[in-house]
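In: Kindly return the folded structure for what I paste below:
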Amino acid sequence: MTMRRLWPLLLITLAAGGVWVLQSQPRPLPTRPPLEVAATLAQAVTHPEPPGAAPLLEALRADLQVHRQLIVLFANESNLVGSGLERALAVGHRLHHERRDLVHQLNGALTRLAKEPAPQRDPVIGALLDWMEADPDLLELDRLAFRDSLRVLQKPLQADPTPAGAQLNRRLAQNLRESDRVEALVDAEYQRVFGGPGASARGGQRDRWQAYVTELQKRIPLGPLIMGAAIPRPAEELKGSREINGTELPEKVLILTFDDGPHRVYTEEIKAILQKEQVPAVFFEVGRNLGAQDASGKIKLSHLADLTEDLVKSGFLVGNHSYTHAQLSKETGAPLDLEIRETDQLLRAIPGAHSQLFRFPYGARTKVQLQALEPYHLRSVLWNIDSLDWADPVPSSVADRVLKVIAHEKRGIILFHDIHDRAGKVLPILIPKLRAEGYRFAGLDAEGSLLLAGQP
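Out: Residues are numbered from 1 along each chain as shown. Reported below is the predicted structural model:
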């Protein structure tokens, strides 16, 4: 018997009447930097043929690695205060920035793949699902990172009535059910330990979640992670500007805002929840999701711009969130102007979508960036209640964080994102609870003035 054939048998040994399973050392997820992976995928999708499994698999692995890094970074969130919290947020924002570029390319590539004929489509999607389902280096709770990509794949495939399409849809649905199962376990565990809206705390430990975090900490040491370049924080001298940050609102008045969309799946779902609850909101959108402007100045809108038009027709306000979600505090001159101007012009091309509201990605800006808004008559809108939904995959934890900050602030602008499913899961819990506590949900008009009308 060769050593290769003998090796699996050596993993199990009998000793003292018991069975001992020899564990291999955890391996870090081997990936290139997310921005490099995103650039490779961007090149692949420009070819006439759809990208094969290799670049898509690398992108999914890179996305999972950032997901894991964010978990490690905020694992001890309750102990992050002062400069420690500022540092964690700075590194987290950098990771989020890299992930946004990666996911932008990945979502486009997955959507294109899902629309290909079955002979080209099915082997590639099958290879991606094989990895998610059976790779021995994946952990059970890693499935929380796959949900968004699975939903992006699922949406166009639902229109395929063929036997091949039905088979693929069944497999996608099974993977999503497994993600639901894992999420339900960690969500219920959080509620058992800490309580939450409609649930009382019973104490104990988050055993399943902590085991996941402990394993990730073996694979991703915190020290090198927090050595990342910090994103500049808002300067004190900017507080006297015309910015809106939420602290100036009347007591018990809240404004919901959603960043980084529109998204192929989640923007419509969030819109439906808000309409049902009769709650206004502002959506700050990234220009490259809406379309592009060629060298001659001609605007070409993408199909996602239809989602923006639907938002406006439904009574919601849309704001400018830059063209590429860049770290604008690092930009000056023509590059800075382009980030502002392109999205401004794209929003003008969508009926009713243009407003005078602008949100700096990560809130990162100086006087230079604020002055760059003036030619476009744009007004900066920040937030004072951060859900951290971009870093936390557990809905009850997100809801609890928002409620705690609101209890402290008493008023404000809440930051959510419509590019993940977390906001859609916590809004039906948060809105009734906050209303029961006497809070009102307000909106802004196109110039940034407070709108309290329309309360049910």
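
In: where exactly do the strands run in the chain?
Out: Assigned by DSSP state E, the strands in the chain fall at 12-15, 18-21, 253-261, 282-285, 291-293, 299-301, 317-320, 357-358, 379-380, 385-386, 412-417, 440-444, 450-451.

In: Mind checking these for the one nearest to Leu225?
Out: strand 385-386 (20.0 Å; C-beta to C-beta). Every C-beta, even on glycine, is put in place using the N, C-alpha and C of the backbone.

In: Pairing partners for that closest one, with directions?
Out: Looking at strand 385-386 with DSSP bridges, its partner strands are strand 412-417 (parallel).

In: Give me the contact list for the partner strand.
Out: 244-247, 249, 254-261, 381-387, 389-390, 402, 405-406, 422-423, 427 (C-beta atoms under 8 Å, 6 or more residues apart in numbering).

In: picking up where we left off before, what about the strands of the chain, which gets the closest to Gln210?
Out: Gln210 lies closest, by C-beta to C-beta, to one member of the strands of the chain: strand 18-21, at 21.2 Å.

In: Give me the average confidence score over the closest one.
Out: What strand 18-21 shows for mean pLDDT is 34.

In: ok so, going back, buried by neighbour count, from the contacts of strand 412-417: which ones?
Out: Neighbour counting by 16 or more other C-beta atoms under 10 Å classes 244-246, 249, 254-261, 381-387, 389-390, 402, 405-406, 422-423, 427 among these as buried.

In: Helices along the stretch 301-450 of the chain, start to end?
Out: Using DSSP state H, counting those that start in this stretch, the helices of the stretch 301-450 of the chain run over 305-313, 333-348, 367-373, 395-409, 422-436.

In: got the angle for the fourth one vs helix 422-436?
Out: So the one you mean is helix 395-409. Between helix 395-409 and helix 422-436, the angle comes out at 40 degrees (axes from the mean of the first three to the mean of the last three C-alpha atoms, to 10 degrees).

In: Would you mind listing where the stretch 51-200 of the chain has pLDDT under the threshold?
Out: Applying pLDDT under 70 to the stretch 51-200 of the chain picks out residues 198.

In: ranges for the helices of it?
Out: 53-73, 82-114, 118-134, 147-157, 163-194.

In: Now render the ones you listed as a markdown table, adding distance to Ala295.
Out: Formatted as a markdown table, these follow (distance: least, C-beta to C-beta, whole Å):
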| stretch | distance to Ala295 |
| --- | --- |
| helix 53-73 | 28 |
| helix 82-114 | 22 |
| helix 118-134 | 33 |
| helix 147-157 | 30 |
| helix 163-194 | 40 |
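
In: Figure out which of these is closest to Val45.
Out: The nearest among the helices of the stretch 51-200 of the chain, by C-beta to C-beta, is helix 82-114 at 5.0 Å.

In: Give me the nearest residue to Val103, chain neighbours excluded.
Out: Asp63 (6.4 Å; C-beta to C-beta, 6 or more residues apart in numbering).

In: The one you found contacts Leu102, doesn't it?
Out: Yes: counting by C-beta atoms under 8 Å, Leu102 is a contact partner of Asp63 at 5.9 Å.

In: any common contacting residues for the two?
Out: Common neighbours of Asp63 and Leu102 (C-beta under 8 Å, 6+ apart) are Pro34.

In: related to what we said a few turns ago, tell me which of the strands of the chain approaches Leu138 most closely.
Out: Closest of these to Leu138 is strand 18-21, at 17.8 Å (criterion: C-beta to C-beta).

In: Gly291 bridge partners, please.
Out: Counting by DSSP bridges, Gly291 is bridged to Leu301.

In: Just give the number of residues close to it.
Out: 19 (other C-beta atoms under 10 Å).

In: With Glu133 instead?
Out: With other C-beta under 10 Å as criterion, Glu133 counts 14.

In: And it, how close does it get to Ser380?
Out: 45 Å (C-beta to C-beta, to the nearest Å).

In: likewise Trp131?
Out: 42 Å.

In: Of these two, which one has the most company?
Out: Neighbours were counted for Trp131 and for Ser380 using other C-beta under 10 Å; Ser380 has more, 22 against 18.

In: Surely Asp421 and Thr267 touch.
Out: No: using C-beta under 8 Å, Asp421 makes no contact with Thr267, being 11.5 Å away.

In: pLDDT score for the closest residue to Ile413 other than its chain neighbours?
Out: Distance criterion C-beta to C-beta, 6+ apart; nearest residue to Ile413, sequence neighbours excluded, is Gly246 at 3.5 Å. With respect to pLDDT, Gly246 has a value of 96.

In: swap in Pro50?
Out: At Pro50, pLDDT is 72.

In: Test my guess that it contacts Leu110.
Out: No: Pro50 is beyond contact range of Leu110, at 10.1 Å (criterion: C-beta under 8 Å).

In: Could you report the separation of the residue nearest to Ile413 from Asn384?
Out: 4 Å.

In: Common neighbours of the two, please.
Out: Common neighbours of Gly246 and Asn384 (C-beta under 8 Å, 6+ apart) are Glu409, Gly412, Ile413.

In: beta partners for the second one?
Out: Residues in a beta bridge with Gly412, per DSSP bridges, are Leu254.

In: gap between it and Asn245?
Out: Applying C-beta to C-beta to Gly412 and Asn245 gives a distance of 8 Å.

In: Between Pro50 and Leu110, which is the more surrounded one?
Out: Shown here are Pro50 and Leu110; by other C-beta under 10 Å, Leu110 has more neighbours (28 against 18).

In: Is it correct that the more buried one is in contact with Val152?
Out: Yes: with contact defined as C-beta under 8 Å, Leu110 counts as touching Val152 (5.0 Å).

In: circling back: please enumerate the shared neighbours of Gly412 and Asn245.
Out: Trp383, Asn384.

In: how about a markdown table for the helices of the stretch 301-450 of the chain, with distance to Ala166 and mean pLDDT added?
Out: Converted to a markdown table, the helices of the stretch 301-450 of the chain look like this (distance: least, C-beta to C-beta, whole Å; pLDDT from 0 to 100):
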| stretch | distance to Ala166 | mean pLDDT |
| --- | --- | --- |
| helix 305-313 | 27 | 98 |
| helix 333-348 | 38 | 97 |
| helix 367-373 | 50 | 95 |
| helix 395-409 | 30 | 96 |
| helix 422-436 | 26 | 96 |
